[in-house]
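Enquirer: Just the structure for this:
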Amino acid sequence: MKKLALLFLSLALPLFAAFSLDPVFSSNMVLQQNAPIAFFGQATPGAAVTVDFAGATLATIADFQGGWRVVFPAREASHDVLSVTISSEGEKIELANILIGDVWLCSGQSNMEMPIAKAFKRGWSAQNCEEEVANANYPEIRYADQKNRLSYLKPRQDATYAFGDGWVVCTPDIAHKFSATAYFFIRKIYLDLKIPCGLINATWSGTRIQPWISQEGYENANLQKELDDIAAKTITATTVAQRTAEYTKAVEEYKKKLAELPEDEKKNLKEPARLRLPPSDAQFFSNLYNGMVAPWTKLPIKGVIWYQGCSNAGDKRYYLLHKAMIADWRQKWNSPALPFILVQLASFGGPENWQDIPTADAPYAVIRDMQARLISDPNVGIACAIDIGERTNIHPANKQEVGRRLALEAERIAYGMDIVSRGPMLDKIQVEGKTVRVFYKYAYNGLKTTDGDAPHAFAIAGEDGKFVKADAKIDGNTVVVSAPEIDNPVFVRYAYAAFRGDCNLENTEGLAAYPFRSDIVDYEK
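Expert: I've put the predicted structure just below:
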């Protein structure tokens, strides 16, 4: 009987557990200040593990599955360079050049992924990139670039790196690979606060918000429409094989027919639609949270910066999805007030004659309006980029200003600095005969325009909601708007279109006015 019990025990125990430290840790990393400092990894079940860190030693025993974890007290940010040594059964892991400071996660789609770059290439590099990279010598800024990876239905536990063996130090040799927006953000934080700073980059170009929300995030937000969609589209290995075989057969038949057709008829033959199965689809629900975000939730962070929305343009569910994602990530990091600073979409697209049209319910304009509504949460910030965009370039080059505005919001929200971090934002409107007076928040010291001209990009409408171009003039910290065609104005909009290249209104601090619509839409439905 004893032999049988031992046999079952030996079958249940892992046969071998390699001694390791979780891959979120590496030399050159930054650990979050004012948070307990945990180190964790794997070892032989029952083995003793000793961790020496910053002059202190802790010991533990690996559990039944081989997992081990020790927790050191929180520490203040410091310029002291630290190291850690982990030992078990004669093996040793050593990490060097570790700093204590603030860690920010940057995420989203291509406008956050876009690198500084070595040489300027319109649409995929920051302006003045050569100079920026040459001057990017900041030994106390560290960067971890999560490799693009999706995971179907299961959150991954292991972080992986797009370049380097782990965290890297910001130097001119490597900085060209950094997210431009995130780099200019963290550089300002570092220079203003004078503490070590770390960036974790988890971005994927062209992605919607849906794959960045965990399954639990959808459930906790009670997003029944999405939950039904997930249930309907979740497939098994058998289904994958069946649909793959069907697609392969359809492609073969297409190629056969194509070869038989005369040249002038080939263009009329429709190619089979691309096969997109959930396990290999970067747009499928939760796939990017599972593959790229989940591994990093084990590390405390200071906050999140987020630049995304282009791929959800026109999505009526975006507001609810974005709220759910913020709540989801806060829950995953066990930080209910985790600062979340987002970039409002820049001007882009629209007709060539944009100067001649008043304003429209363009998909980008709707997304910007939804993004602006999110700041009802006091720990959600928004960086305006309406004046930074380029009509035919979805990736505007001026990421320096985007990063600066993100940092201003972070410094007020996350660091409690008494600063003006936002441009003028609609407070209320007041009809005064044939004119409408627009009252602004964040215009405490008054308003001005970038070119000294009257404010542009305003439109007004009567009860029928038909907007026309409007004249506008600054009056203290308000703007008075009118149009000859409108005798009884009711609604006002500013820069509410896909692209407006004439957004010249700002506050005296030089921060651009946010686009708005006074005809409020309920996005909670």
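Enquirer: right, and the helix or strand after the longest strand along the chain?
Expert: Ranked by residue count under DSSP state E, the longest strand found in the chain is strand 91-108. Along the chain past strand 91-108, the next helix or strand (assigned with DSSP states H and E) turns out to be helix 110-113.
Enquirer: what helices or strands is the longest strand of the chain leaning on?
Expert: In terms of contacts (3 or more Cβ pairs under 8 Å, 6 or more residues apart in numbering; DSSP states H and E), strand 91-108 is packed against strand 20-21, strand 30-32, strand 78-88, strand 138-145, helix 180-193, strand 197-203, strand 303-307. Every C-beta, even on glycine, is put in place using the N, C-alpha and C of the backbone.
Enquirer: hmm, try it at 7 Å
Expert: The criterion is 3 or more Cβ pairs under 7 Å, 6 or more residues apart in numbering; DSSP states H and E, and the helices and strands that strand 91-108 contacts are strand 30-32, strand 78-88, strand 197-203, strand 303-307.
Enquirer: contacting residues around the first one?
Expert: When you say that, I think you mean strand 30-32. Outside of strand 30-32, the residues within contact range by Cβ atoms under 7 Å, 6 or more residues apart in numbering are 37, 98-103, 142, 196-198, 299-302.
Enquirer: at 8 Å what do you get?
Expert: Taking Cβ atoms under 8 Å, 6 or more residues apart in numbering as the criterion, the residues outside strand 30-32 that touch it are 37, 75, 98-103, 142, 167, 196-198, 299-302.
Enquirer: go on, stretch 257-270?
Expert: Taking contacts as Cβ under 8 Å, 6+ apart, the residues outside stretch 257-270 that touch it are Y254.
Enquirer: Quick check: end-to-end length of that stretch?
Expert: According to Cα to Cα, to the nearest Å, stretch 257-270 extends 10 Å from its N-terminal end residue to its C-terminal end residue.
Enquirer: Likewise for stretch 169-177?
Expert: Its start and end residues considered, stretch 169-177 measures 12 Å (Cα to Cα).
Enquirer: likewise stretch 202-220?
Expert: With Cα to Cα as the measure, the first residue of stretch 202-220 is 23 Å from its last.
Enquirer: Would you pull up how far that stretch lies from the middle of the chain?
Expert: The offset between the C-alpha centroid of stretch 202-220 and the centroid of the whole chain comes to 10 Å, using Cα atoms, centre = their mean, to the nearest Å.
Enquirer: my guess is E524 contacts L320, does it?
Expert: Yes: between E524 and L320 a contact is recorded at 7.1 Å, counting by Cβ atoms under 8 Å.
Enquirer: Of those two, which one has the most company?
Expert: Residue environment comparison for E524 versus L320 gives the larger neighbour count to L320, 19 against 8, counting by other Cβ atoms under 10 Å.
Enquirer: does the more buried one count as helix, strand or coil?
Expert: Reducing the assignment to helix, strand or coil with DSSP: H, G, I helix; E, B strand; the rest coil, the entry for L320 is helix.
Enquirer: residues in contact with it?
Expert: L320 makes contacts with A221, L223, Y523, E524, as judged by Cβ under 8 Å, 6+ apart.
Enquirer: Against L31, how distant is the second one?
Expert: Distance of L223 to L31, given as Cβ to Cβ, to the nearest Å: 35 Å.
Enquirer: if you count what's nearby, which of these two comes out ahead?
Expert: Between L223 and L31, counting by other Cβ under 10 Å, L31 is the more crowded of the two (27 against 21).
Enquirer: what sits opposite the more buried one in the beta ladder?
Expert: According to DSSP bridges, I100 are recorded as the beta-bridge partners of L31.
Enquirer: Doesn't N290 belong to a strand?
Expert: No: when three-state DSSP is applied, N290 is found to be helix, with no strand at that position.
Enquirer: Check the gap between it and K323 for me.
Expert: With the distance defined as Cβ to Cβ, N290 ends up 20 Å from K323.
Enquirer: next one: L288
Expert: From L288 to K323 the distance is 18 Å (Cβ to Cβ).
Enquirer: Comparing the two, which residue is more hemmed in?
Expert: Relative neighbour count places L288 above the other of L288 and K323, with 27 against 20, counting by other Cβ under 10 Å.
Enquirer: Next up, phi/psi of the nearest residue to that one once chain neighbours are set aside, please.
Expert: Counting by Cβ to Cβ, 6 or more residues apart in numbering, L288 lies nearest to P211, which is 4.0 Å off, once chain neighbours are set aside. Main-chain dihedrals, P211, degrees, to the nearest 10: phi -70, psi -10.
Enquirer: Could you double-check that P211 lies in contact with L150?
Expert: Yes: the pair P211 / L150 is scored as a contact, 7.3 Å apart, by Cβ under 8 Å.
Enquirer: Need the residues touching each of these two.
Expert: Overlap between the contact sets of P211 and L150, as judged by Cβ under 8 Å, 6+ apart, is given by A282, F284, N287, L288.
Enquirer: Enumerate every residue touching I486.
Expert: The neighbours of I486, taking Cβ under 8 Å, 6+ apart as the test, are K434, I460, A461, G462, V468, A470.
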